[in-house]
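Student: Quick check, what structure comes out for this input:
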Amino acid sequence: MSLSMYSASVPVFVRMFGNAQKWLTKAEEHAAARKFDPANYLGLRLAPDMLPFLRQIQIASDGAKGCVARLVGVEVPKWEDTEASMADLHARLKRTVDYVQSVPAERFAGSETREILLPMRQGDPLRFTGEAYLKHYVMPNLYFHLTTTYALLRHAGVELGKRDFLGNA
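Tutor: Numbers count the residues shown, from 1 in each chain. You can find the predicted model right below:
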């Protein structure tokens, strides 16, 4: 059996966002044990020119929902980036998983050759086939933003290890 666009995307999103939920929970526990507000994590940055923790999760979420919508040829859901707490981030991750799981696998049929136009803030949109979009744009971005999220929590002292990043096999 060949690898489908569905199996290369949705289960990966579900797993990684499930792992991220656990990181948030560990961060909340870490904050509680040290008696500080877990909202302190929201503004963390690895470098001054990088986006903060909060935005890393929002961007990862936007990437996953945008990927699924574009691959199946529907409009990308528009969600306001209003999260202001760890509880809000948990809800955002759950909402993302709920959305990507709501699209049946059969809707992905033929998406590997679908033309994907990715709007840019400036200039012409980026053009991909569905397969190139998933493999060379979405997945690297997903892992970039989730790795940054993980690294920010590790840097803040949250006890996370590689197994937390990868999840249970």
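Student: Going by C-alpha atoms from here, please, whenever you check contacts or count neighbours.
Tutor: Noted.
Student: so who does the residue most central in space within the chain touch?
Tutor: Nearest to the geometric centre of the chain sits A60, at 2.7 Å (Cα atoms, centre = their mean). If you count contacts by Cα atoms under 8 Å, 6 or more residues apart in numbering, A60 has them with N141, L142, H145, L146.
Student: Select from those every entry located in strands.
Tutor: Judged by DSSP state E, the subset of the contacts of A60 located in strands is empty.
Student: In contact with M5, which residues?
Tutor: Contacts of M5 (Cα under 8 Å, 6+ apart): F108, A109, S111, E112, E131.
Student: roughly how far apart are it and P77?
Tutor: In this view, M5 and P77 are 20 Å apart by Cα to Cα, to the nearest Å.
Student: same question, Y137
Tutor: For Y137, the distance to P77 - Cα to Cα - is 19 Å.
Student: neighbour count winner among these two?
Tutor: Y137 (14 against 11; other Cα atoms under 10 Å).
Student: just checking, which of the contacts of A60 belong to helices?
Tutor: Within the contacts of A60, residues falling in helices by DSSP state H are N141, L142, H145, L146.
Student: any idea which of those residues is closest to L160?
Tutor: L146 (13.3 Å; Cα to Cα).
Student: Quick one: neighbours of that closest one, just the number.
Tutor: Residues near L146, counting by other Cα under 10 Å, number 23.
Student: That one: what's it in contact with?
Tutor: Per Cα under 8 Å, 6+ apart, neighbours of L146: A20, Q56, I57, A60.
Student: for L46, same thing?
Tutor: By Cα under 8 Å, 6+ apart, the contact set of L46 is T148, L152.
Student: Over to the one 10 residues further on?
Tutor: Listed by Cα under 8 Å, 6+ apart, the contact set of Q56 reads H145, L146, T148, T149.
Student: please redo it, this time with the cut-off set to 7 Å
Tutor: H145, L146, T149 (Cα atoms under 7 Å, 6 or more residues apart in numbering).
Student: Need those residues in a markdown table (columns: distance to R70 and pLDDT).
Tutor: A markdown table is the format used below for the contacts of Q56 (distance: Cα to Cα, whole Å; pLDDT from 0 to 100):
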| residue | distance to R70 | pLDDT |
| --- | --- | --- |
| H145 | 20 | 98 |
| L146 | 21 | 98 |
| T149 | 25 | 98 |
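Student: Now flag whichever of the contacts of A60 is closest to F13.
Tutor: L142 (8.4 Å).
Student: Please tell me how far the closest one sits from A109.
Tutor: 22 Å.
Student: So for these two, which sits in the more crowded spot?
Tutor: Taking other Cα under 10 Å, L142 and A109 do not tie; L142 has more neighbours (23 against 14).
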